[in-house]
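Asks: what would the 3D arrangement of this be:
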Amino acid sequence: MQTPTSRQIRISWPAGHLTATLDDTPTSQALAKALPLVSTARTWGEEVYFDTGVAVSRETGAREVVEPGTVAFWTDGDALALPYGPTPISQGDECRLASPCNVLGRLDGDPGLLATVRDGDPVRVELLDA
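Replies: Predicted coordinates:
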């Protein structure tokens, strides 16, 4: 269910795509202005991340441990971070990001689809019309 303040994006890579619903945050607004963008996927454990060319500050609600399927923004790397399982620094099954990240929203589908993203894959992010 989309609210007037949320927006949807589509994240595509050679083996598939997912949509995500973003909350209305300063970071998601900055990201939306930069779309569409094409980047190169990187993988880190069960996380996909990629450079966006968007530079923003860490927000007060930034978190290091998030749920699988969270759309996060890694301010240290100007990158979208999409965790779907444990990373090399996770404790147990948690999704632990490299450092506290701004939380933008959630993937709409199965975050496990991100397992089909290969390091170096081209990735495209675009806004979907409301």
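
Asks: when you work out contacts or count neighbours from here on, use the C-alpha atoms and nothing else.
Replies: Will do.

Asks: shaky segments in the protein?
Replies: 1-4, 130 (pLDDT under 70).

Asks: what segments of it are helices?
Replies: According to DSSP state H, the chain carries its helices in the segments 26-34.

Asks: for it, which strand is longest?
Replies: Taking DSSP state E as the criterion, the chain has its longest strand at strand 95-107.

Asks: show me what contacts the residue located most distally from the centre of the chain?
Replies: Using C-alpha atoms, centre = their mean, the residue of the chain lying farthest from its centre is G92. It sits 21.4 Å away. By C-alpha atoms under 8 Å, 6 or more residues apart in numbering, G92 lies in contact with P86.

Asks: what residues sit buried inside stretch 66-76?
Replies: Buried residues in stretch 66-76, counted by 16 or more other C-alpha atoms under 10 Å: 66, 68-75.

Asks: can you redo the residues you listed as a markdown table with distance to P100?
Replies: Shown next, in a markdown table, are the buried residues of stretch 66-76 (distance: C-alpha to C-alpha, whole Å):
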| residue | distance to P100 |
| --- | --- |
| V66 | 10 |
| P68 | 15 |
| G69 | 16 |
| T70 | 13 |
| V71 | 13 |
| A72 | 9 |
| F73 | 9 |
| W74 | 7 |
| T75 | 8 |
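
Asks: let me know the closest of those to L82.
Replies: Nearest to L82 out of the buried residues of stretch 66-76 is V71 (C-alpha to C-alpha; 5.4 Å).

Asks: from L35, how far out is that closest one?
Replies: Distance of V71 to L35, given as C-alpha to C-alpha, to the nearest Å: 15 Å.

Asks: on that earlier part again, which ones among the buried residues of stretch 66-76 lie within strands?
Replies: Per DSSP E, the buried residues of stretch 66-76 map to strands at 66, 70-74.

Asks: with those residues in mind, which one is nearest to Q29?
Replies: Compare each of those with Q29 using C-alpha to C-alpha and the shortest gap goes to F73, at 12.0 Å.

Asks: the closest one: what's it in contact with?
Replies: Contacts for F73 (C-alpha under 8 Å, 6+ apart) come out as 27, 79-81, 101-104.
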